[in-house]
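Colleague: show me the folded form of this:
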Amino acid sequence: MEIILKQDVANLGYKDDIVKVKNGYANNYLLPQGLAIIATPSNKKMHAENLKQRAFKEEKIRKDAEALQSALNGKSVKLIAKVGENGQLFGSITNQQVAEALKEQHNYDVDRKNIVVDGDKIKAVGEYTAMVNIHREIKAELKLEVVAE
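Modeller: Residues are numbered from 1 along each chain as shown. Reported below is the predicted structural model:
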């Protein structure tokens, strides 16, 4: 079944993408939750017209995203955590803590949902990398340095 996404859906696509999904996924989850509409010919026409009108706004958003990407690329964020004797952390470093440290140290406000840390969670002292999803195709790479308290 072809659908038009009304919101970003993780592991599926971004807002206004036309994607093919299985009927059950669309009928049981995407459509009732209001995340998508069925891609009928009339809906596709309306969708195309909306995209034309929004193209100008998108260009400005894209330029802002590229500016943020160039500012964030290569930045280093220092995270301080409590550590046991063998270098293991008590708990782990999450994307929430990375977002807060980025705001505190470099004054960039990035949503925690847009930060992806390599691996699932950071559980030891060391250096790591994180990807910041700024826009559809625009991503920035951060260096994370976890040190003992």
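Colleague: pLDDT weak spots in the chain?
Modeller: Scanning the chain for pLDDT under 70 picks out the ranges 119-120.
Colleague: where do the strands of it begin and end?
Modeller: 2-5, 18-20, 36-38, 76-81, 88-93, 115-117, 122-124, 126-133, 139-148 (DSSP state E).
Colleague: and of those, who's closest to Q69?
Modeller: Nearest to Q69, of all the strands of the chain, is strand 139-148, at 4.6 Å by C-beta to C-beta. Using the backbone N, CA and C atoms, a C-beta is placed for each residue, glycine as well.
Colleague: and this protein, what are its domains?
Modeller: 2-62, 69-148 (automatic domain parsing).
Colleague: now the strands of the chain as TSV including distance to Q53?
Modeller: Below are the strands of the chain laid out as TSV (distance: least, C-beta to C-beta, whole Å):
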stretch	distance to Q53
strand 2-5	16
strand 18-20	17
strand 36-38	18
strand 76-81	38
strand 88-93	42
strand 115-117	31
strand 122-124	43
strand 126-133	25
strand 139-148	27
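Colleague: now those strands in TSV, with mean neighbour count and distance to N28?
Modeller: Listed next are the strands of the chain as TSV, based on neighbours: other C-beta atoms under 10 Å; distance: least, C-beta to C-beta, whole Å:
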stretch	mean neighbour count	distance to N28
strand 2-5	19	13
strand 18-20	14	16
strand 36-38	19	12
strand 76-81	16	40
strand 88-93	15	34
strand 115-117	18	28
strand 122-124	18	36
strand 126-133	16	27
strand 139-148	17	32
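Colleague: G74 contacts V132, doesn't it?
Modeller: No - with contact defined as C-beta atoms under 8 Å, G74 does not reach V132; the gap is 11.8 Å.
Colleague: joint contacts of those two?
Modeller: Contact criterion C-beta atoms under 8 Å, 6 or more residues apart in numbering; residues shared by G74 and V132: E141.
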